[in-house]
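> Got a predicted model here, sequence first, then my questions.
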Amino acid sequence: MEALRFFEYAFIIRALIAGSFIALLCANLGVLLVLRRLSLLGDGLAHVTFGSVALGLLLKVQPIYVSVPVVALSSLAILKLTERTRVYSDAAIGIVSAFGVSGGVMLAGLAAGFNVDLFSYLFGNILSITRGEMVMSIVLSLIVLCVIAFRYSELLSLSFDEEFARTSGINAGRINALLAVLAAVTVVLAMKLVGIMLTSALLIIPAVSAFQIAKSFMGTLFFAGFTAVISVWVGIFLSFLMNVPTGATIVLLNLAFFLVLYTFKALSAYLSPRQ
């Protein structure tokens, strides 16, 4: 009977709508990040988000309004550290990530009293999303997806061969900066869906799942988005019925998709006739 009442609740509808847009966004951007070997960028920016949320709570401002500009600037800082200094991308991510976490811990220590709120952002709760947050998630997701579609050919070229893209006349610096900002917005939006601690999983797992069976770049984007959205819908449904954390359920379902597809690919390769 509980299953039949699933769509009667307004908070469920809001969670499904916002979660679908955010999942689609994370999956598509995740494909670009994985291809560019920037998978850890999502994890690093998630740690920065922790600090920005603490700052927003300290200032008594809606955290998303603080997180978007702070995380975007941090993402650009990682890019500049990599380009202008002898610091590899993973080391630059580690530096900015450490700054974000330590700053968040310091702010939480200076202003005791919002620890419970901060804890909710760490693990996410899409079921508590408000109408205003849902609208903002939809708008920001559509903006980022439109930018990806508009810059599709340039992002595709840079993902597979940056040197060739540069010689072809593509402004790699501008596109890299654009990708960094898009990643920042995506990480902030994913914070509400699965929480700061699990954001990187939502960026990485749908992408690597799609790589197991997709035969083209467009197919990879489509299948990554499909598995991510299905995981959100099923995850919200299961968490509602079983009273378990929604964010963790969504991530575990994504992981299950990956394991099934990886096993299928391995078995297909093993059973196929060898030339």
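Sure, I can see it.
> mind listing what Leu202 touches?
Counting by Cβ atoms under 8 Å, 6 or more residues apart in numbering, Leu202 makes contact with Ala23, Cys26, Ala27, Gly30, Ala190, Leu193, Val194, Ala228, Ile250, Val251, Asn254. Where you see a C-beta, it was placed from the backbone N, CA and C, and this is true even at glycine.
> Surely Ser168 and Ser157 touch.
Yes. The criterion here is Cβ atoms under 8 Å, and Ser168 meets it with Ser157 at 6.7 Å.
> So which of the two has more stuff around it?
Using other Cβ atoms under 10 Å, the more surrounded residue of Ser168 and Ser157 is Ser157, with 17 against 11.
> Look up how far Leu107 lies from the closest residue to that one other than its chain neighbours.
Closest residue to Ser157 apart from its sequence neighbours, by Cβ to Cβ, 6 or more residues apart in numbering: Ala165 at 4.0 Å. Distance, Ala165 to Leu107, using Cβ to Cβ, to the nearest Å: 40 Å.
> packing partners for the helix or strand where Gly225 lies?
Gly225 belongs to helix 217-242 when assigned by DSSP states H and E. For helix 217-242, the packing partners by 3 or more Cβ pairs under 8 Å, 6 or more residues apart in numbering; DSSP states H and E come out as helix 10-35, helix 199-211, helix 246-271.
> Ala172 is nearest to which of those?
Comparing the helices and strands packed on helix 217-242 by their distance to Ala172 (Cβ to Cβ), the top pick is helix 10-35, with 13.7 Å.
> how far does the following helix or strand past the closest one sit from the chain's center?
Remark: after helix 10-35, the chain's next helix or strand is helix 39-58, criterion DSSP H and E. Distance, stretch centre to chain centre, for helix 39-58: 12 Å (Cα atoms, centre = their mean, to the nearest Å).
> and if you look at stretch 68-77?
In terms of Cα atoms, centre = their mean, the centre of stretch 68-77 is set 15 Å apart from its chain centre.
> ditto for stretch 27-41
Worked out by Cα atoms, centre = their mean, stretch 27-41 lies 9 Å from the chain centre.
> same check, this time on stretch 143-157
Counting by Cα atoms, centre = their mean, stretch 143-157 is centred 16 Å from the centre of its parent chain.
> Residues touching stretch 31-38, excluding its own?
With contacts defined as Cβ under 8 Å, 6+ apart, stretch 31-38 is touched by 39, 41-42, 89, 148, 155, 158-160, 179, 183, 203-204, 207-208, 210-211, 217, 220-221, 224.
> Now that we have these, which of them are buried?
When these are checked for burial by 16 or more other Cβ atoms under 10 Å, the buried set is 39, 41-42, 89, 148, 155, 158-159, 179, 183, 203-204, 207-208, 210-211, 217, 220-221, 224.
> Identify the residues contacting the closest residue in space to Ala248 that isn't next to it in sequence.
Spatial nearest neighbour of Ala248, excluding adjacent residues (Cβ to Cβ, 6+ apart): Leu198 at 6.8 Å. By Cβ under 8 Å, 6+ apart, the contact set of Leu198 is Phe123, Gly124, Gly247, Ala248, Val251.
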